[in-house]
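> model this:
(2 chains)
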Protein chains: 2
Amino acid sequence: MLAHWLIEKKRDGGTLSKEEIKFLIDGYTSGAIPDSQMSALSMAIFFKGMDLEETANLTEAMAGSGDMLYLPGVRKPKADKHSTGGIGDKVSLVLAPLLAGCGVAVPMISGRGLGITGGTLDKLEAIPGYRTNLSEKEIQAAISSCGCCITGQTPQLAPADRKLYALRDITATVPSMPLIVSSILCKKVAEGIDSLVLDIKVGKGAFMQTVPEAEQLGATMAAVAQRLGKKLSVFLTDMDQPLGRMAGNGLEVEESINCLRGVAEADLLELTLEFGIEALRLCRIEQDREAAKNLLIGKIRSGEALEIFSQMVKIQGGYPRITEDLDRLPRAKLRRALRATQSGWLSQVDAGKIGRACVLLGAGRSKPGEKVDPAAGVSRLLKVGEEVRTGDLLLEAHAGSEGKLNEAWPWLESAFSYTPERGTIPALIKQRRLWTEESGKNT
Amino acid sequence: MLAHWLIEKKRDGGTLSKEEIKFLIDGYTSGAIPDSQMSALSMAIFFKGMDLEETANLTEAMAGSGDMLYLPGVRKPKADKHSTGGIGDKVSLVLAPLLAGCGVAVPMISGRGLGITGGTLDKLEAIPGYRTNLSEKEIQAAISSCGCCITGQTPQLAPADRKLYALRDITATVPSMPLIVSSILCKKVAEGIDSLVLDIKVGKGAFMQTVPEAEQLGATMAAVAQRLGKKLSVFLTDMDQPLGRMAGNGLEVEESINCLRGVAEADLLELTLEFGIEALRLCRIEQDREAAKNLLIGKIRSGEALEIFSQMVKIQGGYPRITEDLDRLPRAKLRRALRATQSGWLSQVDAGKIGRACVLLGAGRSKPGEKVDPAAGVSRLLKVGEEVRTGDLLLEAHAGSEGKLNEAWPWLESAFSYTPERGTIPALIKQRRLWTEESGKNT
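Here you go, the predicted structure:
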């Protein structure tokens, strides 16, 4: 077998076999197959695609390129939630300890932000001392002790994916369905989980701008997960406006802690509960939606979920009393208020523009490896459907310098649109594609 | 400008500007743009193509990636002949000294064989001592002294092309029209020639298997050459059967020397004269075809062309008396005769199969960098249209071992087809697309 011939086969529209895909991924991981061949192959895949069988085989080969996470002695069901990324999307921070409180093991492997999309690891690193580079042993210890962790990909976990993703990033081969699907799923397979809730963000602040694109991703993910024997439920959720009222790393930790304390924004709580209910169903902990919801809310009311969050922070090296001492979160030197220029109802709060503004404020990165400012971002954000009068606060921007505030300002100003009359509020959850016990697949 | 964005632009069917192409090629040459980006770009070009303007700009950028060959004091017209490669194609060895004898400067930069296609450099290296790595100074000296040289690409000549070709070879991006055209032409532009005769081989032993493909290559080459201000005439010639009666490096040197001595195979002489006549016309040395032909034949009859060949060999470090001492060419340890299994007329002598057999005999390489056996090959080859009786010699195979002969044998045996009646002999020259003075282009 020669990599060259396999590239040619894909280039000419052929189907790669399981063995051929494994040969390519193993060779790429070991360095026997150079970047140049892998990028040519990726571009051929961009043009010619891969069928579901090939995508499943690619996912398995990438998951198998390193260690599989092994959780000996953990008899609990294992689940995870993955989001395709958006602005202000802090659900993972709330959901992981909440599910852990309900008896689910949640070994959550997350990523960093790039472009307008925030990253869960960047958010948690706003907590003084929090480490996102747990070893496999440390992940095992965290799961045994508090039931969850949120950490980065270890060097041994799906190394082919890490290498391939960095390559795709510089070779214009990111937007390819089989490459996207296999990249997301291989890490989940390597995590060793049984069930996954997938949140596909759709809209101005998301990778997927339209429902049909997002539907296609969801359908492909479901079909591939089924082939790999994983339970997967897919949600398409709104990302035309940011989630919650804060965006930016430290600010989102604050909003998450508030949510765990019972002081939650409606949309953040709605998604958290929705995904939590589905995860409990997939994990066969609670089939009844109402009962599941009560179970989850009970864990917030009792303070258990907050306590688990605090334990997780402690285990990961962070300041555990952060949950009662929010002032230890980083605070920006400067704040500036954005005020309504007219009266009416907000008809749009453009998540794409808010996201761009957050990058300019210092909260995000435009290139991999750049540092982020944990204190930067926006807070007190008004939402679509809210009524304002001229001069009302629309948001507060946080940054380290006037220059950054000035750079971000045009994006923030132009993010808001008004209507003279109360409009309809778009649905937060646009579609559900839930796994069923009977068919063993998504419907 | 970021390479990533330009790959994306081409991927999405955009047109790259002259500046963008120069940025990519200069960056690739200097190492600022890695192989991985260039191979992704090449694959995007494979799928989306390049228009004539882009191809011309790519050609110029690659030609300009290193030194241009400078021939100070040479007031003669400068011309070259390029073939897309075939089996037994030794025209360059005869034509270069012949044109030099007629007052043309011929700084011929040739390549090595790969796969079934032979390489001019490999052939000449069968001459003891012959060096194919002349420096620019040595090329200048050769042109000044005998009017021609046949040597390899210098490290300074179109380095982007050498790098890109090696990359395309392992990334399944060789068969792309704009990449093929620019790779051929950039070296000719860097040679500093005014006129080029292009021989596009068509048939079983050629890269182009059909006339329409070859026509498209010819048309593209002509249009791009015109944009670059070069005179180009294109011939489509038959490669369903090998050219001449010998294939293999040392054997082809022998046949070339014989041709220069006036003992020529008809097809080899026909192509040599045809290309020679056209080169003399392009160089404005002789416009009349009959007069040009007589001039060329005269240089063979007088022994001048052979003498120039001998001088060239000497200048390039080779044994100059090779022209009268053919026994100094390498001889294979073993020879084996292939004989006709039936009587009739030969209707096919499959150049593809003979070419594969030659690789197996040791005359060719299946990977770049492999050594070739200068003595291996086939001789005394019968041709399409010749009459045979059972038991007649069809060819003699030369190799270093019985194992090699055995490996090649099935390919040799199956290369010959017979008809019971005298058939028609296919035309050697299938098409001409000649440059005209009036239009300044090909018609």
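> From chain B, how far out is A:I425?
35 Å (CB to the nearest CB, to the nearest Å). All C-beta spots, glycine's among them, are computed from the backbone N, C-alpha and C.
> correct me, but that residue touches A:V384?
Yes - with contact defined as CB atoms under 8 Å, A:I425 reaches A:V384; the gap is 6.0 Å.
> more neighbours, these two?
Neighbours per residue (other CB atoms under 10 Å in any protein chain shown) separate A:I425 from A:V384, with A:V384 holding more: 20 against 16.
> so which strand or helix has the more buried one?
A:V384 is part of no helix or strand, with elements assigned from DSSP states H and E.
> so who does it touch?
A:240-241, A:346-349, A:423, A:425-426 (CB atoms under 8 Å, 6 or more residues apart in numbering or on different chains).
> neighbouring contacts of stretch A:311-329?
A:96-97, A:100, A:124, A:126-132, A:134, A:138, A:141-142, A:145-146, A:148-151, A:250-251, A:253-254, A:257, A:260-261, A:306, A:309-310, A:374-375.
> now it: how far from the chain's centre is it?
21 Å (CA atoms, centre = their mean, to the nearest Å).
> okay, how far is it across that stretch, tip to tip?
The first residue of stretch A:311-329 is 17 Å away from its last residue (CA to CA, to the nearest Å).
> Low-confidence ranges, chain A, go.
Along chain A, segments meeting pLDDT under 70 span A:443.
> What residues are bridge-paired with the most centrally placed residue in it?
With the centre of chain A defined as its mean C-alpha position, the nearest residue by CA atoms, centre = their mean is A:S83, 3.4 Å away. Counting by DSSP bridges, A:S83 forms beta bridges with A:D199.
> Quick check: residues of the stretch 101-250 of chain A near chain B?
A:167, A:169-173 (CB under 8 Å from any CB of the partner chain).
> for the stretch 251-400 of chain A, what spans make up the helices?
Assigned by DSSP state H, counting those that start in this stretch, the helices in the stretch 251-400 of chain A fall at A:266-282, A:289-301, A:304-315, A:351-361.
> tell me the most buried of the ones you listed?
Neighbour counts (mean count of other CB atoms under 10 Å in any protein chain shown) averaged over each of the helices of the stretch 251-400 of chain A peak at helix A:351-361, with a mean of 26.
> Show me what that helix packs onto, helices and strands only.
The contact analysis (3 or more CB pairs under 8 Å, 6 or more residues apart in numbering or on different chains; DSSP states H and E) places helix A:351-361 against strand A:377-379, strand A:393-399, helix A:402-413.
> Mind checking which of the contacts of stretch A:311-329 are in strands?
In strands, defined here by DSSP state E, the members of these are A:148-151.
> Just the buried ones from the residues of the stretch 101-250 of chain A next to chain B?
A:167, A:170-173 (16 or more other CB atoms under 10 Å in any protein chain shown).
> about what we covered before: in ChimeraX, select just the buried ones from the contacts of stretch A:311-329.
Selection of buried members from the contacts of stretch A:311-329 for ChimeraX, criterion 16+ other CB under 10 Å:
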select /A:96,97,100,124,126,127,130,132,134,138,142,146,148,149,150,151,250,251,253,254,257,260,261,306,309,310,374,375
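> quick one on the thing from earlier: any idea which of the contacts of A:V384 has the most stuff around it?
Busiest of the contacts of A:V384 [other CB under 10 Å] is A:Q241, holding 29 neighbours.
> how far away is the residue nearest to that residue when sequence neighbours are not counted from chain B?
Counting by CB to CB, 6 or more residues apart in numbering or on different chains, A:Q241 lies nearest to A:V349, which is 4.2 Å off, once chain neighbours are set aside. Using CB to the nearest CB, A:V349 is found at 29 Å from chain B.
> What distance do you get for A:V349 to B:S17?
Going from A:V349 to B:S17 by CB to CB, to the nearest Å gives 38 Å.
> and if you look at A:A61?
In terms of CB to CB, A:A61 sits 39 Å off from B:S17.
> who's more crowded, those two?
Per other CB under 10 Å, whichever of A:A61 and B:S17 has more neighbours is A:A61, with 24 against 15.
> Quick one: residues contacting that one.
A:18, A:21-22, A:24-26, A:160.
> Repeat the analysis, applying 10 Å as the threshold.
For A:A61, the contacting residues are A:18-26, A:28-29, A:158, A:160, A:182, A:186, by CB atoms under 10 Å, 6 or more residues apart in numbering or on different chains.
> circling back to that earlier point, could you save the contacts of A:V384 as CSV and add columns showing distance to B:E286?
CSV is the format used below for these (distance: CB to CB, whole Å):
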residue, distance to B:E286
A:D240, 75
A:Q241, 79
A:L346, 84
A:S347, 81
A:Q348, 77
A:V349, 80
A:G423, 84
A:I425, 86
A:P426, 80
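> from those, which single one is nearest B:T120?
Among the contacts of A:V384, A:D240 lies closest to B:T120 (CB to CB), at 64.1 Å.
> Leaving out sequence neighbours, find the closest residue to A:L268.
Nearest one to A:L268, counting by CB to CB, 6+ apart, is A:G244 at 4.4 Å.
> which secondary structure element contains that neighbour?
Judged by DSSP H and E, A:G244 forms part of no helix or strand.
> my guess is it meets A:V349, correct?
No - counting by CB atoms under 10 Å, A:G244 sits too far from A:V349 to count as a contact (11.6 Å).
> buried residues in stretch A:380-391?
Neighbour-count burial for stretch A:380-391 [16+ other CB under 10 Å]: A:381-385, A:388.
> Okay, now it: how far is its last residue from its first?
15 Å.
> Tell me which residues touch A:G276, please.
A:79, A:81, A:91, A:94-95, A:98-99, A:101-102, A:104, A:197, A:286, A:292-293, A:295-297, A:299, A:305.
> Apply 6 Å and report the result again.
A:95, A:98, A:296 (CB atoms under 6 Å, 6 or more residues apart in numbering or on different chains).
> List just the nearest of the residues you listed to chain B.
A:L95 (34.2 Å; CB to the nearest CB).
> mind checking how far the closest one is from B:C358?
For A:L95 relative to B:C358 (CB to CB), the value is 67 Å.
> now A:S183
46 Å.
> Please tell me I have it right and the residue nearest to A:L268 contacts A:V253.
No - look at A:G244 against A:V253 with CB atoms under 6 Å: they stay out of range, at 11.8 Å.
> and A:A427, how many neighbours does it have?
10.
> Regarding it, what is its secondary structure?
Judged by DSSP: H, G, I helix; E, B strand; the rest coil, the three-state class of A:A427 is coil.
> Might you report the residue contacts of it?
A:A427 neighbours (CB under 6 Å, 6+ apart): none.
> ok, now with 8 Å
A:D238.
> How about stretch A:14-21 and chain B, touching?
No - using CB under 8 Å from any CB, stretch A:14-21 stays clear of chain B, coming no nearer than 11.4 Å.
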